[in-house]
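>>> Need a 3D model of the sequence below.
(4 chains)
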Number of protein chains: 2
Amino acid sequence: MKKTTPKKPTSLDFAILGLVSHQPLSGYGIRKIFETTEMGNFGTSPGTIYPALKRMQKLMLVENLTSKTDNKNKFHITIKGKELLQNWLVRPLEMIDVSRKREEIILRFAFMDKYSSQKQKLVFLESFHDLLTIYIKQLLDYHKAENLQMPLHGRLSFEHGIESYKATLKWCKKTLLVIKKMT
Amino acid sequence: MKKTTPKKPTSLDFAILGLVSHQPLSGYGIRKIFETTEMGNFGTSPGTIYPALKRMQKLMLVENLTSKTDNKNKFHITIKGKELLQNWLVRPLEMIDVSRKREEIILRFAFMDKYSSQKQKLVFLESFHDLLTIYIKQLLDYHKAENLQMPLHGRLSFEHGIESYKATLKWCKKTLLVIKKMT
DNA sequence: TCGCACATGTAACGTGTTACATGATTCA
DNA sequence: TGAATCATGTAACACGTTACATGTGCGA
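Model (predicted):
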């Protein structure tokens, strides 16, 4: 007996969902935003976006409505879409997210504006902070133990990874302060 | 009439090729390295690695030889594989690489050890440096122009992107000095 | 009226993901 | 002897890439 796959949405789906949760957008509008921002990492071509919108429509996460004012078709988020988005936003962070899906973590944070409480934002950032700290320590330990055996370029590339995570941690601390200041 | 697709290798293919260019490895050995390093971003599961090795074998980029000493099967890079690797290593950097494929740039640098001259390494890093500088400037301009209209979380996430690129630029400068010092 | 940006799609293809499956070796 | 690690795979499925295709509206 086959398990009925729950059809887990991709990062791209969530990126789209997050965008239309802020404002209704046409498929083209979504593509433009993807192209001009870091979100482009989740895909920009028509062959990616339009099929994604179609399956999300089928799953009733978004709906395509015609604006009465300018007579243009735009995608709106549905109740079901909002629920899915919120569940995704509050999903506890794991180490695997930190080590392999940093982009998605930042994406989640980007969409927490409207759908998460200040408490949730703080929990999220603090957990990110703690996991990052542990992960960086692991990287440093590995570096210390192995750097003499590593080829020069391997070591230098590895160090790029470390610096990159340190930059994220720094951002995390700064951002934590910003959010804490909010009332 | 159909164009005969030249079957462009993926980042994963190059990651594997680079690894076996340093030392012969079993499929399992390759997976272990992917799992324990940042290269894991290019895929770690058996369902990714083994099929990749198969197609690379078919394309005669690698060959599977049995070691006479320990009687284990390991993949070796072929002449053709080395040629492909070298072409990839010296391919000029473009802005699109910087904005969307930073991981691949670092990966390329990691494998330049044996197959690139010091001159080539310097050209590579200097070009990376220049493109990064331009790209960061673009990000900062965008930030300046738009930050008042952006939602708070959007702005903060955007700032993560900026910090991340700055960290890469910093690494690039440092690494340039290291390479320059080499004789 | 030329070209560009707007706007939305489809088709073929190959790749990655996920889950399943198997067996050998090593060590406690 | 049982568990963990070594070691290699397969199958279904869906997704993303690439290339193609079409048509509108607008400003120079």
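>>> what does stretch A:63-76 rub up against?
Here stretch A:63-76 makes contact (CB atoms under 8 Å, 6 or more residues apart in numbering or on different chains) with A:16, A:20, A:24-27, A:29-30, A:53, A:57, A:62, A:78. (Each C-beta comes from the backbone N, C-alpha and C, glycine too.)
>>> Just the buried ones from those?
A:16, A:20, A:24-25, A:27, A:29-30, A:53, A:62, A:78 (16 or more other CB atoms under 10 Å in any protein chain shown).
>>> Do stretch A:95-102 and chain B come into contact?
Yes. Stretch A:95-102 is in contact with chain B by CB under 8 Å from any CB of the partner chain, via A:99-100.
>>> now that stretch, how far from the chain's geometric center?
Stretch A:95-102 has its C-alpha centroid displaced from the chain centroid by 11 Å (CA atoms, centre = their mean, to the nearest Å).
>>> is any part of it close to DNA strand C?
No. Using CB under 7 Å from any atom of the strand, we find that stretch A:95-102 stays clear of DNA strand C, coming within 8.8 Å at best.
>>> Dump the buried ones among the contacts of stretch A:63-76 into CSV; add distance to chain B as well.
Output for the buried ones among the contacts of stretch A:63-76, formatted as CSV (distance: CB to the nearest CB, whole Å):
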residue, distance to chain B
A:I16, 15
A:V20, 14
A:P24, 15
A:L25, 14
A:G27, 20
A:G29, 15
A:I30, 15
A:L53, 21
A:V62, 19
A:T78, 21
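>>> Of those, which belong to helices?
A:16, A:20, A:27, A:29-30, A:53 (DSSP state H).
>>> could you dump those residues to a markdown table with pLDDT and distance to DNA strand C?
Listed next are those as a markdown table, based on pLDDT from 0 to 100; distance: CB to the nearest atom of the strand, whole Å:
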| residue | pLDDT | distance to DNA strand C |
| --- | --- | --- |
| A:I16 | 98 | 12 |
| A:V20 | 97 | 12 |
| A:G27 | 97 | 3 |
| A:G29 | 97 | 6 |
| A:I30 | 97 | 8 |
| A:L53 | 97 | 7 |
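>>> circling back to that earlier point, next, give me the two most distant ones among the contacts of stretch A:63-76.
A:G29 and A:T78 (18.0 Å; CB to CB).
>>> related to what we said a few turns ago, tell me the one of the buried ones among the contacts of stretch A:63-76 nearest B:P46?
Using CB to CB, the buried ones among the contacts of stretch A:63-76 come closest to B:P46 at A:I16, 31.1 Å.
>>> you'd agree the closest one is up against A:L59?
No. In this structure, A:I16 is not within contact of A:L59 by CB atoms under 8 Å, at 11.9 Å.
>>> A:I134: what secondary structure?
Assigned with DSSP: H, G, I helix; E, B strand; the rest coil, A:I134 falls in the helix class.
>>> That one and B:S26: what is the separation?
Distance from A:I134 to B:S26, counting by CB to CB, to the nearest Å: 31 Å.
>>> now swap in A:L148 and tell me
Using CB to CB, A:L148 is found at 24 Å from B:S26.
>>> okay, the buried ones among the contacts of stretch A:63-76 in JSON lines with distance to B:A110 next?
Listed next are those as JSON lines, based on distance: CB to CB, whole Å:
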{"residue": "A:I16", "distance to B:A110": "33"}
{"residue": "A:V20", "distance to B:A110": "39"}
{"residue": "A:P24", "distance to B:A110": "44"}
{"residue": "A:L25", "distance to B:A110": "39"}
{"residue": "A:G27", "distance to B:A110": "38"}
{"residue": "A:G29", "distance to B:A110": "38"}
{"residue": "A:I30", "distance to B:A110": "35"}
{"residue": "A:L53", "distance to B:A110": "37"}
{"residue": "A:V62", "distance to B:A110": "41"}
{"residue": "A:T78", "distance to B:A110": "45"}
